[in-house]
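*Asks:* Predicted structure and sequence below. I'll ask about it afterward.
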Amino acid sequence: MKTTDKTAALDLKLSEFLCFAVYSSNLAFGKAYKPMLERLGLTYTQYITLVALWEEDNQTVGSLGEKLFLESNTLTPILKKLEAMGYVLRQRDPEDERQVRISLTKEGRKLREGLSEEGFPQTGLDPDDFVQMQKAIVKLRGNLIRSTKDRG
């Protein structure tokens, strides 16, 4: 960043920060998902964990954590709660006892059937803009992850 770029960045208002736009959008998504999640009795993190398992059942904690960008010490309590709710089973992998596999129960699969499109927040984006926005955010996330790995 050039000196003039640094000075310009310091002069930004909060509403002009990209990080704040993403952060506050995340909060808005949370509010928009709240009615559906309350009806299901789930937190957002529990919900996306189930979504990842609906896509691919019987995953290891490690692979699930990678998909969700969560460390195992964060994911494990979520999985324990989902297991207590009757939605998942946690079992040691018979071929590698160090691995814990997560699979959906019948109730966990059935939960997906109870979802309908009207329960999902409306972004107001047309389909092309939606896809473009999602790809741009994924690219941003990847760039940020790479930049932190370069430093560490």
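*Replies:* Yep, that arrived.
*Asks:* quick one: contacts of the strand or helix carrying residue 144?
*Replies:* Element membership for residue 144, per DSSP states H and E: helix 127-151. Residues outside helix 127-151 that contact it (Cβ atoms under 8 Å, 6 or more residues apart in numbering) are 18, 22, 123, 125. Any C-beta I mention is one placed from the backbone N, CA and C, and that applies to glycine too.
*Asks:* Repeat the analysis, applying 7 Å as the threshold.
*Replies:* 123, 125 (Cβ atoms under 7 Å, 6 or more residues apart in numbering).
*Asks:* what is the mean pLDDT for that helix?
*Replies:* Across helix 127-151, pLDDT averages out at 92.
*Asks:* gap between that helix and the chain center?
*Replies:* 14 Å (Cα atoms, centre = their mean, to the nearest Å).
*Asks:* do stretch 21-34 as well
*Replies:* Using Cα atoms, centre = their mean, the offset of stretch 21-34 from its chain centre is 12 Å.
*Asks:* Now do the buried residues in that stretch.
*Replies:* Across stretch 21-34, burial judged by 16 or more other Cβ atoms under 10 Å covers residue 33.
*Asks:* Alpha carbons of that stretch, in PDB - could you do that?
*Replies:* In PDB, the C-alpha atoms belonging to stretch 21-34 read as follows (Å, rounded to 0.1, in the frame of the first residue of the first chain):
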ATOM      1  CA  ALA A  21     -20.000  -4.200   5.300                       C
ATOM      2  CA  VAL A  22     -19.300  -8.000   5.400                       C
ATOM      3  CA  TYR A  23     -19.700  -8.100   9.200                       C
ATOM      4  CA  SER A  24     -22.900  -6.100   9.300                       C
ATOM      5  CA  SER A  25     -24.300  -8.200   6.500                       C
ATOM      6  CA  ASN A  26     -23.500 -11.300   8.500                       C
ATOM      7  CA  LEU A  27     -25.500  -9.800  11.400                       C
ATOM      8  CA  ALA A  28     -28.400  -9.000   9.000                       C
ATOM      9  CA  PHE A  29     -28.400 -12.600   7.700                       C
ATOM     10  CA  GLY A  30     -28.500 -13.800  11.400                       C
ATOM     11  CA  LYS A  31     -31.600 -11.700  12.000                       C
ATOM     12  CA  ALA A  32     -33.200 -12.900   8.700                       C
ATOM     13  CA  TYR A  33     -32.600 -16.600   9.500                       C
ATOM     14  CA  LYS A  34     -33.700 -16.200  13.200                       C
END
